[in-house]
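# Fold the following and give me the result.
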Amino acid sequence: MADKLNRVAVLAGDGIGPEVMGATMQVAKEVEKRHGLAVDWKEGLVGGAAIDAKGKALPEETVELCRSAKAILFGSVGGPKWETLPPNEQPERAALLPLRKIFGLYANLRPAVLYPELVNCSPLRSDRVAGGFDVLVVRELTGGLYFGQPKETTKTAKGERAVDTMVYETHEIERVTEVAFRAAAFRKKRVTLADKANVLETSLLWRKVVKQVAAQHPKITLDFMYADNAAMQLVRDPGRFDVLLCENLFGDMLSDEAAAVVGSLGMLPSASLGEGSFGLYEPAGGSAPDIAGKGVANPIAQILSLALLFEMSLGQPEAAQTIRHAVAGAVREGWRTADLAAPGEKKAGTLEMAKEIARRVALGAGKS
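Next comes the predicted model:
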């Protein structure tokens with residue numbers, strides 16, 4: 001039995017979540033065998049499945065499971081069945097946001113990687129993405145416009161007045177900036193801050209604090225770009241970016257744009273991190289109820305989220321690389337799920353793709 005320190009809470013959720021998670025566990029078991037690891041994978045209810053069984057999207061027993069774990073491997077939540085509930089009780093808002101708050105997850109890392117073999121999947125012109133690209137968006141998760149107070153709508157003589165408040169403090173900026181610079185140290189050693197320092201006081205503070213943090217990382221190149229220009233450059237020349245650092249609102253938008261440039265949400269993992277090694281790992285896409293149960297969903301985003309978990313929370317970078325090389329090898333050899341396949345290409349199902357990746361893990365990274 002694995003040590004409690006190697007426990008991972010597995011929260012499959014709704015829609016395609018259970019089938020994609022099940023496929024991913026096949027890869028996880030092969031990784032354990034290959035690297036001599038013992039991970040205690042413990043399943044818990046979350047989202048609509050938890051509402052149906054327990055009456056709420058995030059039951060206390062699920063929270064306690066997560067507290068006992070080293071990390072959370074999260075699937076997806078939500079679907080039409082629960083859309084009639086009050087907004088604060090719906091799976092998306094009542095499960096994921098509380099988990100971020102409970103565990104102090106303030107930094108979201110979303111790698112957007114376009115493999116050279118998949119340039120046809122990108123909506124961009126082939127000359128703009130030739131050779132593929134690898135961008136990491138680092139987004140601050142717990143501050144800014146989404147959480148600042150006051151946040152209210154009031155009556156006026158002429159109708160209504162709505163107020164949202166963007167607030168940031170030095171320590172909130174420092175900690176997520178450290179995450180970005182530490183990530184850049186293992187990449188191309190370049191950080192770009194996307195802001196609106198020409199109009200926002202918060203962006204001026206961001207620039208000041210980021211410069212101070214950058215001084216402690218002399219091997220990392222820092223540059224600044226207005227967020228609207230960053231949005232344009234992501235579609236003109238995504239390869240120019242290495243690590244793209246953003247406050248919450250800009251990061252929300254730019255990470256989704258980076259995903260669109262890759263061409264399929266089914267390829268995009270993410271990690272939400274706090275202090276220490278605890279993290280929540282999930283695919284960037286949603287529960288996709290329209291294809292749930294059909295066995296056609298792309299499991300790669302969930303599998304690459306597993307790689308991030310092995311690397312960042314379990315301290316097993318070699319295991320993470322084994323997974324990434326196995327995914328790249330499968331893609332290189334022409335394995336495609338429906339979201340990736342060109343007209344006339346053979347399409348692999350969810351389990352087929354996962355089994356192929358697991359096979360490559362067992363053989364050795366990337367081998368056919």
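# And the pLDDT at the nearest residue to residue 296 once chain neighbours are set aside?
Residue nearest to residue 296 in three dimensions, not counting chain neighbours: residue 338, with 5.0 Å by CB to CB, 6 or more residues apart in numbering. Where C-beta positions appear, they are placed from N, C-alpha and C, glycine not excepted. On pLDDT, residue 338 comes in at 94.
# so residue 338, which of the three states?
Following DSSP: H, G, I helix; E, B strand; the rest coil, we place residue 338 in the coil state.
# isn't it right next to residue 299, touching?
No. With contact defined as CB atoms under 8 Å, residue 338 does not count as touching residue 299 (12.0 Å).
# Who has more neighbours out of the two?
Per other CB atoms under 10 Å, whichever of residue 338 and residue 299 has more neighbours is residue 299, with 30 against 17.
# any idea of the pLDDT on that one?
pLDDT, read off for residue 299, is 98.
# check contacts around it.
Contact analysis of residue 299 by CB atoms under 8 Å, 6 or more residues apart in numbering lists 20, 23-24, 266, 337, 350, 353-354, 357.
# measure it to residue 260 for me?
Here residue 299 is placed at a distance of 20 Å from residue 260 (CB to CB, to the nearest Å).
# I'd guess residue 42 is in a strand, am I close?
Yes. Using three-state DSSP, the assignment for residue 42 is a strand.
# tell me the contacts of it?
So residue 42 contacts 7-10, 65, 68-69 (CB under 8 Å, 6+ apart).
# Nearest to residue 186 among those?
Residue 186 lies nearest to residue 8 out of these, by CB to CB, at 22.8 Å.
# Tell me which residues touch the residue nearest to residue 296, please.
Going by CB under 8 Å, 6+ apart, residue 338 touches 296, 298, 347.
# do residue 316 as well
Applying CB under 8 Å, 6+ apart to residue 316 gives the contacts 35, 37, 310.
# Just give me the closest of those residues to residue 222.
Nearest to residue 222 out of those is residue 310 (CB to CB; 29.4 Å).
# got a list of what that closest one touches?
Counting by CB under 8 Å, 6+ apart, residue 310 touches 31, 316-317, 319-320, 323.
# circling back to that earlier point, which of the contacts of residue 338 ranks first by neighbour count?
residue 298 (29 neighbours).
# For that one, give me the backbone phi and psi.
Per-residue torsions, residue 298: phi -80, psi 120 (degrees, to the nearest 10).
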